[in-house]
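In: please find the sequence and the predicted model below.
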Amino acid sequence: MDYSITIQTRLQIEKRKWLFLVGLVALTHLFCQSLMLPYGNALLSLLPNEKNNVVMTTSRLSKDSSVETLILDNSNLDDESLLVRGVKSMKSYNVGTDVEDEKGATEKDEEENMNSDLDIDDDGFDFIEDETLGKANVDMEDGFIMTNDSLSLANGSSEALLDSGTSEMLEKTITGASATLSNISANKPLLIESIVQRKSESEVSTSDGSSRNVSSLPIKPVKKKMRCQMPPKTITLINEMEQILARNRARSRAMRPRWSSERDQEILTARLKIESAPVLKNDQELYAPLFRNISMFKRSYELMERVLKIHVYKEGEKPIFHQPILKGLYASEGWFMKLMESNKRFVVKDPRKAHLFYMPFSSRMLEYKVYVRNSHNRTNLRQYLKDYSEKIAAKYRFWNRTGGADHFLVACHDWAPYETRHHMEHCIKALCNADVTMGFKIGRDVSLPETYVRSARNPLRDLGGKPPSQRHILAFYAGNMHGYLRPILLKHWKDNEPDMKIFGPMPPGVASKMNYIQHMKSSRYCICPKGYEVNSPRIVEAIFYECVPVIISDNFVPPFFEVLNWDAFSVIIAEKDIPNLKNILVSIPEQKYLDMQLGVRKVQRHFLWHVKPVKYDLFHMTLHSIWYNRVFQIKARSKLGMHVE
C-alpha cells in the first residue's frame, strides 16, 4: 500500500517537472521571439497558419554599407505601415567587424607605386597633395542618405526602437551593389525604426492618389553621406583648446605607475626645474614671440638633452617596422624613425635605463601591407597593432608598469587614430591627424607636422621665398576638392577677386608644379583648408616658402601646440568665416602682417628635416614635445613600502 502511494507520488512529481520544463521552454521561445520581432508578433509566430508566418529577409543596402536591414512581411499587419527593423553599426569594443570612420584605399598615381615612396635617392619632382586616398571615411555613427523611392536613411530618426543587444548581434559588414527589397505587400509604406527614417505616404503614391507597389519601384543608386563630407557635429575653438591644455596640465589623467622607478624620480625632478626656470629676456638662440613660455621651453629642452633616454623596441618585422618612408606625404613618421633609430645620444639598449619607449612602426606601410584593398574594413590593421602591443607587454614588464603611458608612437597616416585606439590609448601619440573629435588628447598627444618631402637626399630643396615687399598676391590656394570645405572656399573666392588666387586642381606637368611653388613664394597669405581630415601639409609648406599660413580647419590642434604660440606666425579662421575671408585678411594691419611674416621665417627652422639632426629642428622639436608632455603627465608613487627598480 505504502509502496504504491510512493510510486504515484513520484509520478506526480515527475509530471510536474515535465510540465514546468515545457512551460519554461515556451516562455524562453516567446522571449527570444520578442527580441527579434516587432512587438505583438511573437505569439503569432508560434501559430501554424501560413498567413501569420513572419518572413525575415536580408536587404543589402550597398557595397560600402555596414547596415543590415531585416524586412518583416506579415499579411495580417494593418494598412498603415510595414515595420522594418534597421540595425545600425555601433562603436563598441565588442563589435567584431568595425568600419567606423572608414576611408577608401584608392591612392593617387604618384602614391600608388610604393617603390617611389621608398626610393631615398629619387630626385624626381613630386607635386604636393595632402590627401592620397580617393574615398573618405565612412562613419556610420553619422548616418547616411539613401535616395530611392522607398527608403530614406538619416541620422537621428525619431522612431528608433532598436534593441542595443540585437544590434550588436546582427551587425555585419554588407557587400552588394544595391538594395533589394522583397516580401513587401502593396499599399504598405515602410517604417524603418533605427537609422532608417520614415518616408511620407505621398512619396509612394501616384499623382492621382492611387497607391503604388513599393516592391516594384526602381532602386536608385545609393548616395552616402560620409563623415568627411559633412561639417563636424561639435567644434572646439582654438581658445577652448588653450583652456583644455591648461586644465590637463593642472590634473594629469595618466595612470599611476604600479611600482616606482628611478627614472620617474628623474622626470619629476626635471619638472620642478622646468616650472622654476629663470626668466629669459633676450635669448640669442630662440625668437621669444614664437613660444608660449620661452623660459620653460629652453629649460625643458636643455634637460631633455641632458637627461632623456629612450629604448627602441627591436620587435617587429620589416617593412611595417624599422623601414622608414623618406619622401612623399608620410615622410614625417619615416624621418623620425630613421633619425631616432640611428641616434646615439638618446637611445639606450638597456630598457631599465629608459624614460620613454619607442614603438617604431610605419602607419603608411601598415596600410600598404595589411589593408585589403576595397574591403572597406580596417579591423585587421588595428588587430595587427594590438597583437604587437600585447607581445611587448608579454615579453617585457615595462608596458604593464604604466599601462603604456611611458611608450610613444609617431604616425602620419590618416588612419592612425583608429589603428591605435583602445589598445594603445594610454600611449603618447604623435599624430598628423590631430583631431580632437577623433580622440586626440591635448596635453598628452603631440600634433605632428605633416611634411611633404620631394627629395629624400635633399629635403631642403627650394627652401625660402620672396621678401614681403615683393609678395603682391594677397592669398593663394590650389588643390583637389577633397572633403566638404574646399568646394565652399572655391564657391566664394574662385575668380572673385584679382588679388585672391584661389584655384582647384592645377594641371599636371612640371611647369604647373613650379608655378604652384612660385605662387606660394609670392603670396602674403597661403590658405590651408582641411581636406578629408583636419591636417594638411600646406601648413608646413607655407612656412617652408615663408608665406603666412591661414589655417581653416575646425577641431585641428596645430603642431607643437603645447609650446608654440601660433598667433605669432599664422592666422586661424573658423570654417564658418570663409565668406568673410578677404575682409579678415585685409583688416590685419601691415605691421601685424610684417611681424607674422618675420615669425614664419624664425619658426621655419623648427619645421625642417635634416639628414643629420640639427638643434631645434623638426626631429628635436617632435622629440621634445613627447618628452614635455610626459614630464607634465607623470604621476609620482610613494616609495613607502614599494619596490624600486
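Out: Noted; the coordinates are in hand.

In: show me what the helix ranked longest in the chain is packed up against.
Out: Secondary structure of the chain per DSSP state H: the longest helix is helix 2-36. Where contact means 3 or more CB pairs under 8 Å, 6 or more residues apart in numbering; DSSP states H and E, helix 2-36 is packed against helix 164-170. C-beta coordinates here come from the backbone N, C-alpha and C atoms, glycine included.

In: low-scoring stretches of this structure, by residue?
Out: For the chain, applying pLDDT under 70 flags the ranges 1-5, 32-225, 636-645.

In: quick check, residue 528 in contact with residue 542.
Out: Yes. Assessed by CB atoms under 8 Å, residue 528 is found in contact with residue 542 at 6.3 Å.

In: common neighbours of those two, please.
Out: Shared contacts of residue 528 and residue 542 (CB atoms under 8 Å, 6 or more residues apart in numbering): residue 549.

In: and the strands in the stretch 151-300 of the chain?
Out: Listed in chain order, the strands of the stretch 151-300 of the chain (DSSP state E, counting those that start in this stretch) span 152-153, 190-192, 196-197.

In: can you check the stretch 501-645 of the chain too?
Out: Counting by DSSP E, counting those that start in this stretch, the strands of the stretch 501-645 of the chain are 523-529, 548-552, 571-573.

In: so which of those strands is the most surrounded?
Out: strand 523-529 (a mean of 26; mean count of other CB atoms under 10 Å).

In: need the contact partners of that one.
Out: For strand 523-529, using CB under 8 Å, 6+ apart, the contacting residues are 468, 471, 473-477, 485-486, 489, 501-502, 520, 536, 538-539, 541-542, 545, 547-553, 571, 581, 585, 593, 597.

In: export only the CA atoms of stretch 406-414, formatted as PDB.
Out: Extracted C-alpha coordinates of stretch 406-414, given in PDB (Å, rounded to 0.1, in the frame of the first residue of the first chain):
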ATOM      1  CA  ASP A 406      55.700  56.000 -21.000                       C
ATOM      2  CA  HIS A 407      55.500  54.500 -24.500                       C
ATOM      3  CA  PHE A 408      55.100  56.600 -27.600                       C
ATOM      4  CA  LEU A 409      54.500  56.200 -31.400                       C
ATOM      5  CA  VAL A 410      54.900  58.600 -34.300                       C
ATOM      6  CA  ALA A 411      52.300  58.100 -37.100                       C
ATOM      7  CA  CYS A 412      51.300  60.400 -40.000                       C
ATOM      8  CA  HIS A 413      48.600  58.300 -41.800                       C
ATOM      9  CA  ASP A 414      45.000  59.500 -41.500                       C
END
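
In: may I see the domains of this protein written out as residue ranges?
Out: 238-453+624-633, 468-607 (the TED database).

In: now do the end-to-end distance for stretch 318-335.
Out: Start and end residues of stretch 318-335 are separated by 16 Å (CA to CA, to the nearest Å).

In: just to revisit the earlier point, got JSON lines for the strands of the stretch 501-645 of the chain, with distance to residue 314 too?
Out: Formatted as JSON lines, these follow (distance: least, CB to CB, whole Å):
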{"stretch": "strand 523-529", "distance to residue 314": "38"}
{"stretch": "strand 548-552", "distance to residue 314": "39"}
{"stretch": "strand 571-573", "distance to residue 314": "41"}
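
In: which ones are touching residue 427?
Out: Neighbours of residue 427 in contact, by CB under 8 Å, 6+ apart: 359, 404, 405, 407, 408, 409, 420.

In: make it 6 Å
Out: By CB atoms under 6 Å, 6 or more residues apart in numbering, residue 427 lies in contact with 404, 407, 408.

In: count of residues packed around the second one?
Out: Around residue 407 there are 24 other residues, counting by other CB atoms under 10 Å.

In: identify the bridge partners of it.
Out: Residue 407 forms beta bridges with residue 357, as assigned by DSSP bridges.

In: shouldn't it be in contact with residue 358?
Out: No. Using CB atoms under 6 Å, residue 407 makes no contact with residue 358, being 7.7 Å away.

In: could you measure residue 432 against residue 257, distance?
Out: Residue 432 is 30 Å from residue 257, where distance means CB to CB, to the nearest Å.

In: so for those two, which residue has more residues nearby?
Out: Applying other CB under 10 Å to residue 432 and residue 257 shows that residue 432 carries more neighbours, namely 29 against 19.

In: thought residue 451 was touching the more buried one, still the case?
Out: No. With contact defined as CB under 6 Å, residue 432 and residue 451 do not form a contacting pair (9.0 Å).

In: of the contacts of strand 523-529, just the buried ones, PyMOL syntax please.
Out: Burial among those is assessed by 16 or more other CB atoms under 10 Å; the matching PyMOL selection reads:
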select buried, resi 468+471+473+474+475+476+477+485+486+489+501+502+520+536+538+539+541+542+545+547+548+549+550+551+552+553+571+581+585+593+597
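
In: from the contacts of strand 523-529, which land in helices?
Out: Per DSSP H, the contacts of strand 523-529 map to helices at 485, 486, 489, 520, 538, 539, 541, 542, 581, 585, 593, 597.

In: appreciated, that's everything.
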